[in-house]
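got a predicted structure here, sequence first:
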Amino acid sequence: AAELKDEQLYSQGLERLEGDFCPICTLPIPLPMDDHSAFNSCCMKRICNGCTMAAQARGFHDCLFCRTPHPANDAAQLAMIQSRVAKKDPVAINIL
């Protein structure tokens, strides 16, 4: 009976888009997402602040998803986005 009630509760409400979940911990990123996550231009993934803080506490400062060092300036960030556009990444095309 309790399982049925849980299933009814979880099936209510709106479903969130795939991009609303952290690809590291797979938990939904709280709204507003800009306040609770960071967007990585190297792989076009949004990582939650919890995963970022946990990685920094362990001494890891590169991208958590693709392991690429973060861009040093805006020109390097633009170059990363353009390389993703060249690979026909729809998220990068939308950003550019």
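Nice, I can see it. These figures come from a predicted structure and were not determined experimentally.

stretch 31-41: end-to-end distance?
Stretch 31-41 has an end-to-end distance of 21 Å (Cα to Cα, to the nearest Å).

again with stretch 24-37
With Cα to Cα applied, stretch 24-37 spans 12 Å between its terminal residues.

after the longest helix seen in the chain, which helix or strand is next?
Looking only at the chain and at elements set by DSSP state H, the helix with the highest residue count is helix 74-86. Tracing the chain past helix 74-86, the next element assigned as helix or strand by DSSP states H and E is helix 90-95.

for that following helix, C-alpha coordinates in PDB please.
Only the C-alpha atoms of helix 90-95 are listed here, as PDB (Å, rounded to 0.1, in the frame of the first residue of the first chain):
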ATOM      1  CA  PRO A  90      23.200  21.900 -30.600                       C
ATOM      2  CA  VAL A  91      23.800  23.500 -27.200                       C
ATOM      3  CA  ALA A  92      26.900  25.300 -28.400                       C
ATOM      4  CA  ILE A  93      25.100  26.500 -31.500                       C
ATOM      5  CA  ASN A  94      22.300  27.900 -29.300                       C
ATOM      6  CA  ILE A  95      24.900  29.700 -27.100                       C
END
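
name the residues of that helix that are buried.
Within helix 90-95, the residues scored as buried using 16 or more other Cβ atoms under 10 Å are Val91, Ala92. Heads up, the C-betas are built off the backbone N, CA and C, glycines and all.

same question, stretch 58-71
Along stretch 58-71, the positions that meet the burial threshold by neighbour count (16+ other Cβ under 10 Å) are Cys63, Leu64, Phe65, Pro71.

pLDDT averaged over it - what is it?
Over the span of stretch 58-71, the pLDDT mean works out to 94.

I'm done for today, thanks for sticking with me.
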